[in-house]
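Engineer: here are the coordinates; sequence isn't available:
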């Protein structure tokens, strides 16, 4: 069975601070996919990134970066120079390849509050 | 833009009522999903579908059923609503990719209160 753990329930930072959201996963599959989603106060989850298990390259997109470490089963998300608009609930998710329509298992989410 | 539309943003229903939550997507996606979101429990998969008239149970299907008569529409049905089904319901869709799994596009959610 697959499992995603986001140990940080809530994080509060002041604007311009860097913040890292942790994600640890469990799976027996050798092929799997990891995702991050953002849920702003408006409620609609927005897809941020997908990573497959064969690609351990870190990725950077503007102020966002992701660190995938297979050895520790972690897929952490860092926001550099945080802004108030980054305040949201962030979910990490795991999908075991394409069977079962690629269904995803989600972590419980981390609520990030960025204060001005 | 891909759109997943959930027909109601807020619903209040009485215990024992039959409740229909509708979800429509406009991008010809094969896969559709229903999740419920509760504080401290994240998103839990209720049912999913990978084709018209095809449905599969997720992790918490009890008390729910689904219908997918057309590719673009995936309905969640609460046969007899109970107070423990008060929750935020999220619909999502994705396309069938060859060799890799894609991320979801979510609707904006339906907050259901059962009284």
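Structural biologist: Sure thing, it's come through. Just so we're clear, the structure is a prediction, and the values are computed from it rather than from any experiment.
Engineer: for the rest of this, base every contact and every neighbour count on C-alpha atoms.
Structural biologist: Noted.
Engineer: low-confidence ranges, the chain, go.
Structural biologist: All of this is about chain A. A:98 (pLDDT under 70).
Engineer: the intended chain is chain B.
Structural biologist: B:1-2, B:99-100.
Engineer: so which residue of it comes closest to chain A?
Structural biologist: Nearest residue of chain B to chain A: residue B:42, at 3.7 Å (Cα to the nearest Cα).
Engineer: would you confirm that that residue contacts residue A:110?
Structural biologist: No: between residue B:42 and residue A:110 there is no contact under Cα atoms under 8 Å: 9.5 Å.
Engineer: please identify which of those two sits among more neighbours.
Structural biologist: Neighbour count, other Cα atoms under 10 Å in any protein chain shown: between residue B:42 and residue A:110, residue A:110 has more, with 23 against 18.
Engineer: quick one: contacts for residue A:105?
Structural biologist: A:2, A:3, A:4, A:93, A:94, A:95, B:43, B:44, B:45 (Cα atoms under 8 Å, 6 or more residues apart in numbering or on different chains).
Engineer: now it: how far from residue A:27?
Structural biologist: Remark: distance between residue A:105 and residue A:27 (Cα to Cα, to the nearest Å) = 11 Å.
Engineer: quick check, residue B:29 in a strand?
Structural biologist: No: going by DSSP: H, G, I helix; E, B strand; the rest coil, the assignment for residue B:29 is coil, not a strand.
Engineer: show the buried residues in the contacts of residue A:105.
Structural biologist: A:4, A:93, A:94, A:95, B:43, B:44, B:45 (16 or more other Cα atoms under 10 Å in any protein chain shown).
Engineer: now do the same contact list for the fifth one.
Structural biologist: With contact taken as Cα under 8 Å, 6+ apart, residue B:43 is in contact with A:105, A:106, A:107, A:108, B:35, B:36, B:37.
Engineer: one more: residue A:53?
Structural biologist: Per Cα under 8 Å, 6+ apart, neighbours of residue A:53: A:30, A:31, A:32, A:33, A:34, A:70.
Engineer: got TSV for those residues, with secondary structure and neighbour count too?
Structural biologist: Shown next, in TSV, are those (DSSP: H, G, I helix; E, B strand; the rest coil; neighbours: other Cα atoms under 10 Å in any protein chain shown):
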residue	secondary structure	neighbour count
A:30	coil	10
A:31	coil	14
A:32	coil	19
A:33	strand	23
A:34	strand	27
A:70	helix	14
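Engineer: and the residue nearest the centre of chain B?
Structural biologist: residue B:34 (2.6 Å; Cα atoms, centre = their mean).
Engineer: tell me which element that one falls in.
Structural biologist: Taking DSSP states H and E as the definition, residue B:34 sits inside strand B:31-38.
Engineer: what of residue A:90?
Structural biologist: Per DSSP H and E: strand A:88-95 holds residue A:90.
Engineer: packing partners of that strand?
Structural biologist: strand A:3-5, strand A:33-39, strand A:104-106, strand A:110-115 (3 or more Cα pairs under 8 Å, 6 or more residues apart in numbering or on different chains; DSSP states H and E).
Engineer: what does chain B have sitting close to chain A?
Structural biologist: Proximity of chain B to chain A (Cα under 8 Å from any Cα of the partner chain) is limited to residues B:31, B:33, B:40-45, B:48-50, B:96-97, B:99-109.
Engineer: which among those residues end up buried?
Structural biologist: Applying 16+ other Cα under 10 Å to the residues of chain B next to chain A flags B:31, B:33, B:42-45, B:48-50, B:96, B:101-109 as buried.
Engineer: contacts for stretch A:109-116 next, please.
Structural biologist: With Cα under 8 Å, 6+ apart, stretch A:109-116 has contacts from A:6-15, A:21, A:82-92, B:40, B:42.
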